[in-house]
Every structure is written in C-alpha cells, then in structure tokens.
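K.L.:
any chance you could fold what I've pasted below:
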Amino acid sequence: MTLHQGDCVTLTSDEHTYQVISVDDSHDRCWLRRWPLSRQGSEVFEISLQQVRPSRPHRP
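P.N.:
Residues are numbered from 1 along each chain as shown. Next up is the predicted model:
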C-alpha cells in the first residue's frame, strides 16, 4: 500500500477516518489525525504502517 500526505485511511483497530499527515517508509511509520477536523483541531499521532488500511470509498 502506498500512502500520500492528505490520504484518508482507517485503522485496523477502529472504523474512524484519519488523514495522513506524513509517511516515513524507511521506519515503517506514519502520522495521522482524526478526520474530519474538530473545531479545536485534531491531535496528530504516530502509528505503524501495518495498523493502517485505505479508507473505504464513499457511497452516495
């Protein structure tokens, strides 16, 4: 799986949507924040790429 800044993903542990902030392929890590952003902003956190999966496409 290839991730890019701005992509939306989910985690293997929950169904919430997160936005990719940064990816470090060499260390198998990425930084995410909850999406959509809350009014106060969303905290950024680091997680292993193995715990990330592409978000399901939106259906009308």
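K.L.:
where does this protein dip in pLDDT?
P.N.:
Residue ranges of the chain with pLDDT under 70: 56-60.
K.L.:
ok, how many other residues are close to the spatially closest residue to residue 52 that is not a sequence neighbour?
P.N.:
Leaving out its chain neighbours, the residue that sits closest to residue 52 by Cβ to Cβ, 6 or more residues apart in numbering is residue 9, at 4.9 Å. No exception for glycine: its C-beta is placed from N, CA and C like everyone else's. Neighbourhood size, residue 9 [other Cβ atoms under 10 Å]: 21.
K.L.:
for residue 8, same thing?
P.N.:
Neighbour count of residue 8, defined by other Cβ under 10 Å: 15.
K.L.:
that one contacts residue 16, correct?
P.N.:
No: using Cβ atoms under 8 Å as the test, residue 8 is too far from residue 16 to be in contact (10.4 Å).
K.L.:
return the list of strands paired to the single longest strand found in the chain, each annotated with direction.
P.N.:
Longest strand of the chain, by residue count under DSSP state E: strand 14-24. Paired neighbours of strand 14-24 in the sheet (DSSP bridges): strand 8-11 (antiparallel), strand 29-34 (antiparallel).
K.L.:
now distance to residue 46 too, for those strands, in a markdown table please.
P.N.:
Output for the strands paired with strand 14-24, formatted as a markdown table (distance: least, Cβ to Cβ, whole Å):
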| stretch | distance to residue 46 |
| --- | --- |
| strand 8-11 | 13 |
| strand 29-34 | 5 |
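K.L.:
identify, out of those strands, the most deeply packed stretch.
P.N.:
Each of these was scored by mean neighbour count; the highest is strand 29-34, a mean of 18, by mean count of other Cβ atoms under 10 Å.
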